[in-house]
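Peer 1: Based on what follows, work out the 3D shape:
(one chain, ligands or ions: 2)
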Amino acid sequence: MSRWQARTTGGARVAIVGRPNVGKSTLVNRIAGRRDAIVQEKPGVTRDRSTHAAEWIGRDFTLIDTGGWTPGWAPDRTTMDELVSLQAEIATTEADLVLFVVDATVGITSEDEAVAKWLRTSGIPVMLIANKADTLSEVETASVLGELYALGLGDPTTMSALHGHGSGDLLDEVVTRLRDSGAFDRPPETDDGVPGIALIGRPNVGKSSLFNRLVGQDRVIVDEVPGTTRDPIDTLLDVQRDDGEVRTYRFIDTAGLRKKTAKLDSTEFYSTVRTRKTLERASVALLLLDSAQSIGEQEQRLAREIIDSGRAVVLVQNKWDLVDTDRRLAIAKERDRLLQFLDFAPTRRISALTGRSVSKLFGDIDRVLDAWNFRVPTGRLNQWLSDAVAATPPPLGRNHRPVKIRYVTQVDTQPPRFKLFTNQRLEPAYLRYLERRLRERFGFDGTPLRLDTAIRTNWEDRDPT
Ligand code: GDP
Ligand code: GDP
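Peer 2: Numbers count the residues shown, from 1 in each chain. Ligands and ions are numbered 1, 2, ... in the order given. Here you go, the predicted model:
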């Protein structure tokens, strides 16, 4: 299929941390049962964070290989100590369980001790794994286990990621821990890979007319609703593109749009609750405006609902056939003034009545979906951060102390979510500045972005300043 392949990753998340060369990639391969994690033969090669779908005795979870610990991974971090704690920190903000891997043939290093210290204070469940046990005698194993107990992270598990000894026991334990902590209760991020599209707008803006236009296009095949979708009120559209490829979209909550007679009472149909429910199942919202009418509070409210829901959005100015030049100028001004917070959304001017530009909406939908799913590689992201901070540093913080942003990582997509590691709170105005710069550098047309901060005061103590 296309780029919207089903995401089959579970809702429970397991992060793997450890020094380079201890066998993290090998372990990922073993657990995920795939060859997609890159095993590096030599240490010191920068590897980015990667996620992998895993399954054991019918339980799905996501494995996160945090990468890291090599120079160049976090450009502003100089000491190994900083790199180490940062990696542990990222793992603990993202995961329900951390697998801390050490090399049994090497024993405990000072870096391992530093990670253990972080993990002990984080409160996150940790499993300590002594890997490469296949190369040790019983006596040697016993001696390493003694060192490992001293880390204060509970019973270590010995295993061989390479040959598989101990991996079944390890996975049993992982699943037990995840179940006990309630991590499986979170809904899995699984769907059928078909993006949901919601038509949002006040009554009489032209939603029914647009929907009927869309399903009436030459190259659109409509899947009969009963039996083809889990939810009978949706409609699947197979759209053939210029290059011959067929893409499928699920238009959400279309029962009331297909036939005039089936329309629900408008106050109920367009209520906030209904909008929210529709958005919940959607990936993209098409926010319709009536170009002949002023933008009002209702449009503002709907736009905010969409942003809050984290869905991608295309602004659709319908009834373009009705507007003259004066009105065209006026609506652009109204938009800038009243929907300024939606300025990242692309605009399409259409007429559902005449069919003008209606088919172009599929391209718009693809474009905002790409942005919604986009992940910026960590190296590029941190390079961007250095540039953005150099261009405009954050204002002084508490007690006139400088605010330092140490690192940024993209922790999620749909919508893209970023975590900034700082020593102090960042002003909302500065976060808005960073969001603007992110959009300038990476695009992100039509998707809301989320920027969160993780404040770590102990970095401040370590600063020479
Ligand atoms: P990472 O840097 O922590 O991801 O480590 P890798 O997975 O790239 O492994 C580093 C090296 O250790 C590779 O040459 C692996 O083949 C080897 N290795 C990994 N696990 C084991 C194991 O259980 N036993 C042995 N003998 N070698 C292993
Ligand atoms: P809904 O309530 O949002 O589903 O709106 P409808 O699709 O029922 O449209 C409301 C009215 O606007 C109907 O009379 C439509 O014929 C008319 N309408 C819809 N789209 C257009 C358009 O692009 N141009 C013009 N002139 N009228 C339109």
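Peer 1: Spell out which residues belonging to this structure are near ligand 1, please.
Peer 2: 18, 20-26, 39-41, 131-132, 134-135, 160-162 (Cβ under 6 Å from any ligand atom). C-beta here means a position set from N, CA and C on the backbone, and glycine is covered the same way.
Peer 1: from the residues you listed, which would you call buried?
Peer 2: 18, 20-26, 131-132, 134, 160-162 (16 or more other Cβ atoms under 10 Å).
Peer 1: quick one: Ala352 and Leu361 touch, right?
Peer 2: No: at 10.4 Å, Ala352 does not count as touching Leu361 under the criterion of Cβ atoms under 8 Å.
Peer 1: Comparing the two, which shows the higher neighbour count?
Peer 2: Legend: neighbour count by other Cβ atoms under 10 Å for Ala352 and Leu361, higher for Ala352 (24 against 20).
Peer 1: and the nearest residue to the more buried one once chain neighbours are set aside, how far is that from Thr347?
Peer 2: Leaving aside its sequence neighbours, Ala352 sits nearest to Ser209 (Cβ to Cβ, 6 or more residues apart in numbering; 3.8 Å). Per Cβ to Cβ, to the nearest Å, Ser209 is found 19 Å from Thr347.
Peer 1: Also Arg327?
Peer 2: Distance of Arg327 to Thr347, computed by Cβ to Cβ: 15 Å.
Peer 1: can you check Leu287 too?
Peer 2: Counting by Cβ to Cβ - Leu287 and Thr347 are separated by 10 Å.
Peer 1: Now for these two: what residues contact both?
Peer 2: Val314, Leu315, Val316 (Cβ atoms under 8 Å, 6 or more residues apart in numbering).
Peer 1: Ile295 reaches Arg335, doesn't it?
Peer 2: Yes: using Cβ under 8 Å, Ile295 is in contact with Arg335, at 6.6 Å.
Peer 1: who's in contact with the closest residue to Thr135 other than its chain neighbours?
Peer 2: Sequence neighbours aside, Thr105 is the residue nearest to Thr135 in space, at 5.4 Å (criterion: Cβ to Cβ, 6+ apart). Residues in contact with Thr105, defined by Cβ under 8 Å, 6+ apart, are Lys132, Thr135, Leu136.
Peer 1: and those near ligand 2, which?
Peer 2: Answer for these near ligand 2: none qualify (Cβ under 6 Å from any ligand atom).
Peer 1: What is the nearest of these to ligand 2?
Peer 2: Lys132 (64.1 Å; Cβ to the nearest ligand atom).
Peer 1: and the gap between that closest one and Val101?
Peer 2: Distance from Lys132 to Val101, by Cβ to Cβ: 10 Å.
Peer 1: got it, and Phe362?
Peer 2: 46 Å.
Peer 1: okay, those two: which has more neighbours?
Peer 2: Shown here are Phe362 and Val101; by other Cβ under 10 Å, Val101 has more neighbours (25 against 19).
Peer 1: Now Ser167: closest residue in space that isn't a chain neighbour?
Peer 2: Using Cβ to Cβ, 6+ apart, the closest residue to Ser167 is Arg30 (5.4 Å).
Peer 1: quick revisit: among the buried ones among the residues of the chain next to ligand 1, name the ones in helices.
Peer 2: Lys24, Ser25, Thr26 (DSSP state H).
Peer 1: Same list, those, but only the ones touching ligand 2.
Peer 2: Counting by Cβ under 6 Å from any ligand atom, no member of these is near ligand 2.
Peer 1: got the residues you listed as JSON lines, with pLDDT columns?
Peer 2: Shown next, in JSON lines, are those (pLDDT from 0 to 100):
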{"residue": "Lys24", "pLDDT": "90"}
{"residue": "Ser25", "pLDDT": "86"}
{"residue": "Thr26", "pLDDT": "91"}
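Peer 1: now, among these, which is nearest to Leu119?
Peer 2: Lys24 (15.2 Å; Cβ to Cβ).
Peer 1: quick one, what contacts that closest one?
Peer 2: Lys24 touches Ile16, Val17, Gly18, Asp65, Val101, counting by Cβ under 8 Å, 6+ apart.
Peer 1: So the fourth one sits against His52, correct?
Peer 2: Yes: taking Cβ under 8 Å as the definition, Asp65 is a contact partner of His52 at 7.2 Å.
Peer 1: what sits against the closest residue to Arg59 other than its chain neighbours?
Peer 2: Excluding its sequence neighbours, the residue lying closest to Arg59 (Cβ to Cβ, 6+ apart) is Val175, at 5.0 Å. Applying Cβ under 8 Å, 6+ apart, we find Val175 in contact with Trp56, Ile57, Arg59, Phe61.
Peer 1: what helix or strand is Val175 on?
Peer 2: helix 167-180 (DSSP states H and E).
Peer 1: buried ones in that helix?
Peer 2: Result for helix 167-180 [16+ other Cβ under 10 Å]: buried residues Ser167, Leu170, Leu171, Val174, Val175, Arg177, Leu178.
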